[in-house]
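Asker: generate coordinates for the sequence data below:
(4 chains)
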Amino acid sequence: MAVTAALEWLGSCSGCEIAILNIGEDLLPLITETLDIVHAPLLMDHKYFGQCGEGVALEIPDAVIGIVTGCVNNREHLEVLQEMRTKCKVLIALGTCATHGGIPALMNGQDQQESWQGIFTTVSTDPGAEIPDVEVPPPLDRVYACDEKVRIDMQLPGCPPNPEFIAEVIVSLVEGRDPILPSKSVCDTCLTKREGKGTVDKVKRFIENVEFEPGAPIDEMRCLLEQGYMCMGPVTAAGCAKRGVPGCISARVPCRGCFGPVRKGGNQLLDMMNGLASNGIDYKSVVDRRSILRFTGAHGRLRPVKKHVAREKS
Amino acid sequence: MGFEPKIIAFCCHWCAYAAADLAGAARMQYPHNVRIVRLMCSGMMHPEFVMDALSQGADGVMVLGCHLDECRYRDGNYRALDRSDMVVELLEDFGYEPERFNLTWVSSQEPDKFVKAVTEMTVRIKKLGPVNDVQG
Amino acid sequence: MTLCEVTDIAGRAGNFTVTVKEAPRYVDMGKCIGCGDCTEKCPKQVDSEYDAETGKRRAIYVKYLQAVPLKYQIDPEACIRLQNIGTCGACEEVCDAGAINFGDIEKIHRIDVGAVVLAPGFEVFDPTDSGVWGYGIFPNVITSLQFERYLSASGPTKGYLVRPSDSKAVKKVAFLQCVGSRDENLCGNGYCSSVCCMSAIKEAVIAKEHSPGLQTSIFYMDMRTHGKEFDQYMERARETSGVRFVRCRVNGVEKDGSRDDLRLSYINEEGLQVEEVYDMVVLSVGLQTPKHALKLAYNADIKLTGDNFAATSDFAPVQTSREGIFACGSFAGPKNISQSVTSGSAAAAAVSDLLAPARFELSADASFPDEKDVSADGPRIGVFLCHCGSNIAGVVDVEALGEYTATLPDVVYVEQNLFSCSQDSQDMIVERIQEQSLNRIVVAACSPRTHEPLFRKTLKTAGLNEYLVEMANIRNQNSWVHTADPEAATSKAKDLVRMAVARVTCSDSLKSISVPITQKGLVIGGGTAGMIAALNMAEQGFEVHLVEKTDILGGNALNLKHTWSGQHVPTEVAKLVDKVVWHEKIVVHREFEVTAAEGFVGNFKSTLTGRDGFKRTIEHGAGIIATGAEQYIPQEYNYESITRVVTSVQFDKLYELNEVHVRRAKNFVFIQCVGSREENNMYCSKVCCTHSVQSAIGLKKENPNRNVYILYRDMRTYGQREALYKQARKLGVIFINYELHGKPNVTENGLVINVEVWDHILHRPLKLEADMVILAIAIRPMSDASTLSKLYKVPLGGDGFFQEAHAKLRPVDFSVDGMFVAGLAHFPKSIEESVSQALAASARAVTLLSKREVFLDGITAIVDEQNCDGCALCVDVCPYNAITLVDRIADDPDAGKLIRVNQAQCKGCGICQGSCPKRGVYITGFTMEQISTQIRAALAA
Amino acid sequence: MLITKKIGSVMIVGGGVTGIQAALDLADSGFFVYLVEKSGAIGGAMSQLDKIFPTNDCSM
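Answerer: Predicted coordinates for the structure are as follows:
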């Protein structure tokens, strides 16, 4: 007997869904035998208010497993998410947007009103344009991760998430066991040579090229942080590694932290800056340090910088 | 009703904590708003504690360690200094006033300095108001 | 044993009977809890000796607030009750502990010991009687010790610099050096006290920090800042802090007009009479042996020098004239703190040597019942609330606190004690632990800094792990500081108890780990220091390996003829070499160098490589670096081109051989500070002044018709060496002062050497015709010191000499446990000081080697293998290099990495824990969980 | 002549920094130490100094 599953996407780019497709060969038995997908707006048409709009309330069919991707950004997202929670026995947040806010939550770092104005009423928009308030679901006060709004049973971050672990989560659920997922940081799966960070005094920007021998295996390259690059491996949850090497590192690019903090409730910005400061590395050399939270701005992590004037008043 | 702030003070066992003891022996009086958490070294202080304390309602956080170059563990207080500079900057990112954090060096022989530090901190926080007001 | 004096020492080395007279304290040490209520009530005030008469104390008092033992005492001279029975008694009334005992009497103890160490210290010279400085007449003339109290936050003015006469803020202060030193007319102390120059500079700098804008002037004859990093400090004081230095002898101190200002008159360097007015004058008083120490010396029957210091030998600087009795500290000649500490350890080495056969005969370890395993049980917390008499209960509502405490989670038992620290309370706690099967204890009382050891012992006695106790500091940090607000104090006490309960809930049983020790020593360097250290360890019964780079033992001492006190160096060194070579416990490795080293305290493994490439591996528990130093080869004064410009070491050889140039020469010029105390080498080589003076005396004594000049910057014949300086002047040696900016110019003109120098007294250039110029060359660090520094991870200081762990308190220890330093490798010094340091290093090494295993504190870093993933953020933050990165599974790099903490090197500072983003490492007793729980509890109300 | 047995204890006269150091080293090397001090508390002259020693390391 196949297990019913419902898929939903909120504030998202559909990269997570592509990651599901990337499960590859194993996907076939998964969707033909293991799962019975009853609802997946991205893959197959299904109307929320009945086939011809006859319903008055948003409706998603019952399912055992629910998978949501994307963040909660507006009232529609929130309603859909709440409905998913009601209808699904087990709700999985898939992808960093769903687990930590992801890229959309970068907006939490700015004043919402100013952002909207910036988007809709700048020189590049039509003269006299206004911030729309009809036919657009009203935004929430900030961008939320799913678990800030409803109870989430399982978190699987990643931008995109690792197809291998998506499969593992589904299979383990069906088999009734705990999934085997990585619990350590990116460094655990990183093969670069590490000695200590004491010799670094400043960090270089991510866009500069690292030093390595083209063609030589990863384990002959010095740790990128130890080369002075802002690699977020130490504070970021593992899970991106394919063929034994973390995704970005295999491309000789420092980790940008897309899997979120290594420790539940951890704070990548704080932990990373602490790692630098503790090692005597000039943390001021980090350009735009708030962008360290580029994937994890939800949970109140990213907030608009208080204006000094405003503070003096209070 | 006056606002009585809650301040968490991380004190190094060897100096600031001793200074606090000595302040007691000398019967120096200071505001009762400070709760001391003893650490072996100011370098033991994880910045996470600062954020945890503030998010749980502490109105201010202090770290008190040995004078530079007098650390029992060679350079633990330099670590604390580097981290504190960083914490002050990050407080803004997380929506707190940087004034809610304070780092002071106090030797075991300077109860007066300890008293001065906690008194001034209490006054400063009273002016700032409760921490929850700034959380957005 | 306090308030005790030695009145007689009978018997002989190894078997003395010492008579000790104990004065009555009138306070029962067993009962006094050091609360200070008695002092508060005592109506009688007298001058405080501790504050050097600048402040007051009561008749019942403690010397100072941090005193050990913190037990009060009554001064019978001042006490109203003791002077007049039936009166006063206020202290007795107020003492809740019942510790006052007016009937206390003097006791005589007879104690059998194997050896006696005399370290009675010094007293400062009292300038009252000498008149000239106005001390005792003008209130604003004070001694340096009094000034020290004025600067101190615990002193009479709480650290504010105000004048004693009218409490006016001090704007201008003068320091007069050599009061009671180098002056036989006014005080009879001809010697130099050695420490006052440096302490005056320190006081001037700190005073300037205390009151910005303060003008400080130091009036001196010679600045004797010959210690390690002292010259840099003086330069900083001059350049950065703006302390003014005036070389002159002040004629006297007078009152300026009707005000309390003070007028100094002196002749400045231009030869003019100058008068200056100051708010305050500080007399840098010298050190002298106190009367009670002279009596002690008499009672102990030991010889003293003419300067009233214990007579010792340069090669046995702690041995007195009576075998088995040792002298150290300033009693054996003026010393600064680091030298005193060193000599204390040196005395320990000498005693250890004498009594080695009786080691461990009298020292005993207490035994405790087996520990109960509580790891599987849920927490059952017992809380003991101390009233501390009225110290806590007088402010905090302990009843309410008790009721509140009983409501806290996991608290199953609450009890109040009048004094939790008393012996019957201890017994009671043990009983309660057993009857209530408590497995965690909170004591809400005073400070863990003073009382945690006591309660840990109590838990051990009850069969609980000693780390399962937590103290809530509701006295020192609560009732004593919030006396006026009982309500707030009670509510804070609740918070503190809640925090302690929360913390103890997640405490674990901790075991102190022991590491076995290889009971062998390694000494690197076969000079005087190395040999002394090796010999002392060997005499104490430990196997020692002595490594010498060259093929000959003796080191730099082979170049020397006499010590400052006139002992013949070659004879002493030969004796030493003989003893070392034939000692059955010493293995000498000549022509070997250390090329590799691994391990840690108690377990080092060093590889020696011989000149022929042959390798030997030595296992040892401790190591002493005594690699000595090199001579500076001068580049200046045309040393290269003029043959009769020689170094001091070369001159000694020529003089000894009665070489023809020396024999015929009539005019000798010594130039001091060649390569010392100048840019890049801002340190004093310490020995060269004395050396040149000694050579000059020799030349003059041999032929008084010779002209001997010594060109110097500051004459640093410190301590009792001052006598040599005096003798040289008496013999007609001419001393000419020069400054760094006017260095002498040395040129050859046919048969004579012209030496031109600016004469500060005559104020014109002086031209000397010399037959021989002797350069007092600097002592340089060994050029290969950095190799050893890297091998053992022991640091080098800025000058290139090895850096000790603490300049004052750990002068021979390295910051790496188990490694020690002695001799010139540490800093230039005389033979006597090298020997003292070598003995000290040996003593320190023996504290390790005498044990089979070393116990490490239970508070240490532990790797959480579940969480650590080897990101290496913590590797370089460890101040002790205790963290290394290793493969998770040996030889399988694909299985990931993690860190290892070497327990023997870890000191438990927790810097690693503070750096880790993933809880991969934690400090036992201070885990992240324990600290966050405490924070949460603090904010829970 | 019989060699009398040596006693494994030491008396140190003076509880200043020198005496304390000697006492600590000897106690750590397995000897019983009597530390005799004339005044009411140990610490000697060093305890009177301001600065230089912010850490009161004199405790036994």
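Asker: how far out from the middle of the chain is the lowest-mean-pLDDT helix or strand in chain C?
Answerer: Here the helix or strand of chain C ranked lowest by mean pLDDT, DSSP states H and E is strand C:853-855, holding a mean of 80. Offset of strand C:853-855 from its chain centre (CA atoms, centre = their mean, to the nearest Å): 25 Å.
Asker: buried residues in the following helix or strand past it?
Answerer: Following strand C:853-855 in sequence order, the next helix or strand is strand C:861-863 (DSSP states H and E). Within strand C:861-863, the residues that count as buried by 16 or more other CB atoms under 10 Å in any protein chain shown are C:861, C:863. All C-beta atoms are positioned from the backbone trio N, CA, C, and that covers glycine.
Asker: all the strands of the chain, residue numbers only.
Answerer: Using chain A here. Under the criterion DSSP state E, chain A contains strands at A:3-9, A:35-39, A:63-69, A:72-74, A:88-94, A:139-144, A:154-156.
Asker: nope, chain D please
Answerer: Per DSSP E, chain D carries strands over the ranges D:9-13, D:32-36.
Asker: which one, of the ones you listed, ends up nearest to chain B?
Answerer: Across these, the minimum distance to chain B, taken as CB to the nearest CB, is reached by strand D:32-36, at 22.2 Å.
Asker: quick one, what contacts C:S375?
Answerer: The contact partners of C:S375, taken as CB atoms under 8 Å, 6 or more residues apart in numbering or on different chains, are C:508-509.
Asker: picking that back up, which of the strands of chain D sits most buried?
Answerer: Highest mean neighbour count of these: strand D:9-13, a mean of 28 (counted as mean count of other CB atoms under 10 Å in any protein chain shown).
Asker: need the residues that contact it.
Answerer: Contacts of strand D:9-13 (CB under 8 Å, 6+ apart): C:6, C:16, C:18, C:20, C:111-120, C:296, C:351, C:355, C:362, D:19, D:22-23, D:26, D:31-36.
Asker: and the end-to-end length of stretch C:573-593?
Answerer: 22 Å (CA to CA, to the nearest Å).
Asker: got the buried residues for that stretch?
Answerer: Within stretch C:573-593, the residues that count as buried by 16+ other CB under 10 Å are C:573, C:576-577, C:579-580, C:583, C:585-593.
Asker: what sits against the residue minimising distance to the centre of chain A?
Answerer: Residue closest to the average C-alpha location in chain A (CA atoms, centre = their mean): A:T96, at 1.4 Å. A:T96 sits next to A:102, A:157-159, A:161, A:258-260, A:295-296 when contact means CB under 8 Å, 6+ apart.
Asker: now those in JSON lines, with neighbour count and distance to chain D?
Answerer: Below are those laid out as JSON lines (neighbours: other CB atoms under 10 Å in any protein chain shown; distance: CB to the nearest CB, whole Å):
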{"residue": "A:G102", "neighbour count": "31", "distance to chain D": "50"}
{"residue": "A:P157", "neighbour count": "28", "distance to chain D": "47"}
{"residue": "A:G158", "neighbour count": "25", "distance to chain D": "50"}
{"residue": "A:C159", "neighbour count": "23", "distance to chain D": "50"}
{"residue": "A:P161", "neighbour count": "26", "distance to chain D": "53"}
{"residue": "A:C258", "neighbour count": "26", "distance to chain D": "47"}
{"residue": "A:F259", "neighbour count": "30", "distance to chain D": "45"}
{"residue": "A:G260", "neighbour count": "28", "distance to chain D": "43"}
{"residue": "A:F295", "neighbour count": "28", "distance to chain D": "45"}
{"residue": "A:T296", "neighbour count": "28", "distance to chain D": "42"}
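Asker: among those residues, which two are most distant?
Answerer: Greatest spatial distance in those: A:P161 and A:T296, 14.6 Å, computed using CB to CB.
Asker: restrict the contacts of A:T96 to those near chain C?
Answerer: Among the contacts of A:T96, no residue is within reach of chain C (CB under 8 Å from any CB of the partner chain).
Asker: pick the one among these closest to C:R259.
Answerer: For the contacts of A:T96, the residue nearest C:R259 by CB to CB is A:T296; the value is 70.5 Å.
Asker: show the contacting residues for the closest one.
Answerer: A:T296 makes contacts with A:96, A:100-101, A:105, A:257, A:260-261, A:267-268, as judged by CB under 8 Å, 6+ apart.
Asker: of all the residues in stretch C:114-130, which ones are buried?
Answerer: Applying 16+ other CB under 10 Å to stretch C:114-130 flags C:114-125, C:127, C:130 as buried.
Asker: scratch that, stretch C:182-192 is what I was asking about
Answerer: Judged by neighbour count (16+ other CB under 10 Å), stretch C:182-192 contains these buried residues: C:182-183, C:186-187, C:189-192.
Asker: turn the residues you listed into TSV, including distance to chain D, pLDDT and secondary structure.
Answerer: Formatted as TSV, these follow (distance: CB to the nearest CB, whole Å; pLDDT from 0 to 100; DSSP: H, G, I helix; E, B strand; the rest coil):
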residue	distance to chain D	pLDDT	secondary structure
C:R182	21	89	coil
C:D183	21	86	strand
C:L186	23	79	coil
C:C187	19	79	coil
C:N189	17	88	strand
C:G190	22	90	coil
C:Y191	18	93	coil
C:C192	18	94	coil
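Asker: distance to A:H39 added to these, as CSV?
Answerer: Listed next are the buried residues of stretch C:182-192 as CSV, based on distance: CB to CB, whole Å:
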residue, distance to A:H39
C:R182, 99
C:D183, 102
C:L186, 105
C:C187, 102
C:N189, 100
C:G190, 104
C:Y191, 99
C:C192, 95
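Asker: re earlier: from chain B, how far out is the residue nearest to the centre of chain A?
Answerer: As judged by CB to the nearest CB, to the nearest Å, A:T96 and chain B stand 20 Å apart.
Asker: where along chain B do the helices fall?
Answerer: B:16-25, B:47-55, B:76-93, B:111-128 (DSSP state H).
Asker: ah, wrong one, I meant the stretch 101-250 of chain A
Answerer: A:112-120, A:163-175, A:247-250 (DSSP state H, counting those that start in this stretch).
Asker: nearest to chain B, of the buried residues of stretch C:573-593?
Answerer: Distance to chain B, by CB to the nearest CB, is smallest for C:E593 among these, at 28.5 Å.
Asker: that's all I had, so thanks and see you.
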